[in-house]
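1. Please find the sequence and the predicted model below.
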Amino acid sequence: MIRFLAAFRRIPLTIIKDAVTPEDYLARNLEVLQAVAEDPYVAGCDFVGEEINDIITLKPVFRGIAKIAARDPSFVIRIHAGENDSMKDNVSHSIECVKDSLAQGQKMPHIRLGHGLYTYSLKSRKGRKTLEELKENHVVLEFQLTSNVRLNNLNGLENHPLRQYLAEGIHCVQGTDGAALYGTNSIDEQLSLEKLLGLTSEEIMSMKNTESAIIRESQEAYSRKKKTFAQLLD
């Protein structure tokens, strides 16, 4: 079963031959997402692109997404955050953007943060606060070593935070960030995490259990949305 996250570019594409990105491109994307969000194959949305801006600048878009999530409790909001060390606030700011966009009494949607590689030291005041926010809001962090190395965002493993997150009880999974782009697959990524970061079998199993729960919830969501979608078509 393959489901999709509708991608929003956090910054406009700047290298497109004979094309100009309209100023309202994010608003247009949001309109499209509102139209297709009921489709059972749409699992949620994804903020992608170079991490050169504070995610807080996209807060108006999150307000529209929060309204969609209110209609679909299974809706996933995935954000590329903490991918490079120039934006250490983006992990906590991503959670803040979602929380501040919710209607009164609205439950926190499912949040996945792609990377989570860089934030303030987890032993610092800001770092501990970020850990509390991740736990409190059941945020899932996904890690992909190949992408981080290929994009020159990781040149050393001694300070990689994955094992710290796992020790703190944060939900973590492995990813590829686009297997076809980086010539990798889930087995390569698992071996990289295990051999290069020295993950134990217990830590690997913890990540697998998180992923298994996500897959189970996704399958249930697909079945519910498929039934509702069929009723809408009628």
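-> Received, thanks.
2. Which secondary structure element of the protein has the lowest mean pLDDT?
-> Between all helices and strands in the chain, the lowest mean by mean pLDDT, DSSP states H and E belongs to helix 179-182, at a mean of 84.
3. what distance separates the following helix or strand past that one from the centre of its chain?
-> As assigned by DSSP states H and E, the chain's next helix or strand after helix 179-182 is helix 186-197. The chain centroid and the centroid of helix 186-197 are separated by 20 Å under C-alpha atoms, centre = their mean, to the nearest Å.
4. So what touches helix 186-197?
-> The contact list for helix 186-197 (C-beta atoms under 8 Å, 6 or more residues apart in numbering) reads 143-146, 157, 160, 162-163, 174-176, 179, 199, 204. Heads up, the C-betas are built off the backbone N, CA and C, glycines and all.
5. cutoff 6 Å now
-> With contact meaning C-beta atoms under 6 Å, 6 or more residues apart in numbering, helix 186-197 is reached by 145, 157, 160, 162, 174, 176, 199.
6. Stretch 38-52 now?
-> 3-11, 33, 36, 65, 75-80, 83-84, 87, 222, 225-226, 229.
7. Just the buried ones from these, in ChimeraX syntax?
-> The ChimeraX selection below is limited to those of the contacts of stretch 38-52 classed as buried (16 or more other C-beta atoms under 10 Å):
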select :3,5,6,8,10,33,65,75,76,77,78,79,80,83,84,87,222,225
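8. So which of the contacts of stretch 38-52 are in helices?
-> 33, 36, 65, 222, 225-226, 229 (DSSP state H).
9. just those now: which is nearest residue 168?
-> Of all these, residue 65 has the smallest distance to residue 168: 27.6 Å, by C-beta to C-beta.
10. Quick check: which element contains residue 141?
-> Residue 141 belongs to strand 140-143, assigned by DSSP H and E.
11. CA atoms only for that strand, dumped as CSV, please.
-> Extracted in CSV, the C-alpha atoms of strand 140-143 (Å, rounded to 0.1, in the frame of the first residue of the first chain):
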residue,chain,number,x,y,z
VAL,A,140,8.0,11.3,15.5
LEU,A,141,11.5,12.0,14.4
GLU,A,142,12.9,10.3,11.3
PHE,A,143,16.6,9.9,10.6
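12. That one packs against which elements?
-> strand 110-115, strand 171-174 (3 or more C-beta pairs under 6 Å, 6 or more residues apart in numbering; DSSP states H and E).
13. how about those strands in TSV, adding mean pLDDT, distance to residue 91 and mean neighbour count?
-> Shown next, in TSV, are the helices and strands packed on strand 140-143 (pLDDT from 0 to 100; distance: least, C-beta to C-beta, whole Å; neighbours: other C-beta atoms under 10 Å):
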stretch	mean pLDDT	distance to residue 91	mean neighbour count
strand 110-115	94	6	23
strand 171-174	96	13	21
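14. Those strands into JSON lines, with extra columns for distance to residue 195?
-> As requested, these are exported to JSON lines (distance: least, C-beta to C-beta, whole Å):
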{"stretch": "strand 110-115", "distance to residue 195": "20"}
{"stretch": "strand 171-174", "distance to residue 195": "13"}
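15. quick one: which of the ones you listed is nearest residue 218?
-> strand 110-115 (9.5 Å).
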